[in-house]
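Colleague: show me the folded form of this:
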Amino acid sequence: MAIVNRYSIRVDWGDCDPAGIVFYPNFYRWMDRGFWLLFESQNLTLEALNRRFGVFGGPLVDTGATFVAPARMGDKLTVTSQVDQWSRKSFRLRHEFTCDDTKVASGFETRIWGTRKDDGAIRAGIIPDEVKVLFG
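Modeller: Numbering: from 1, shown residues only. Prediction:
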C-alpha cells in the first residue's frame, strides 16, 4: 500500500485574493509542503537525503493543478499527498485538497532525484530502489 501523508491548513486572510477565495499560487506552495512532509514521514528530511544519498531534494520539473470549488478564509483544508509514479530518475506526486467532504482542488508535481555535478550543475540521478520501497 502506498504511503500517504495528510496535513491541515486553516485558510487565512492573506491566502485569499480580492474576491475572497484562495489565490491559486498558494496551492502550489502547499503542494511543495506536502512533498516535504511526505518525505519527512519516511525520515527523509533534506539533511537525511544529503547524508544518505548525496542528493539535495527533488527539484521540480513539471506541475499542474485543477481547481474544482473555491476555498475561503476560515476554511480548514486537508492536503493529501502521495507518490503515484516512480521512474528511473524522476517521480510524480499527487496532491488532493478537500474541505470537509468537498474536493477543492487536485494537483501534481514531477520531481527529479537532485544531484550536483562537480561544476555545480544540477542533474537527475538514479533513484535508489530502497527509497521507492519506503513509499510502498
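Colleague: for the rest of this, base every contact and every neighbour count on C-alpha atoms.
Modeller: Noted.
Colleague: helices along this protein, start to end?
Modeller: The residue ranges that make up the helices of the chain, judged by DSSP state H, are 25-40, 46-53, 129-134.
Colleague: quick one: which of these is nearest Phe91?
Modeller: In this view, the helices of the chain are compared for proximity to Phe91 by CA to CA, and helix 129-134 is the closest at 9.4 Å.
Colleague: now find how far off-centre the closest one is within its chain.
Modeller: Relative to the mean C-alpha coordinate of its chain, helix 129-134 is positioned 17 Å out (CA atoms, centre = their mean, to the nearest Å).
Colleague: on that earlier part again, ok, which of the helices of the chain comes nearest Arg111?
Modeller: That would be, of the helices of the chain and by CA to CA, helix 25-40, which comes in at 9.7 Å.
Colleague: now that closest one against helix 46-53, angle please.
Modeller: Here helix 25-40 runs at 50 degrees with respect to helix 46-53, directions being taken by axes from the mean of the first three to the mean of the last three CA atoms, to 10 degrees.
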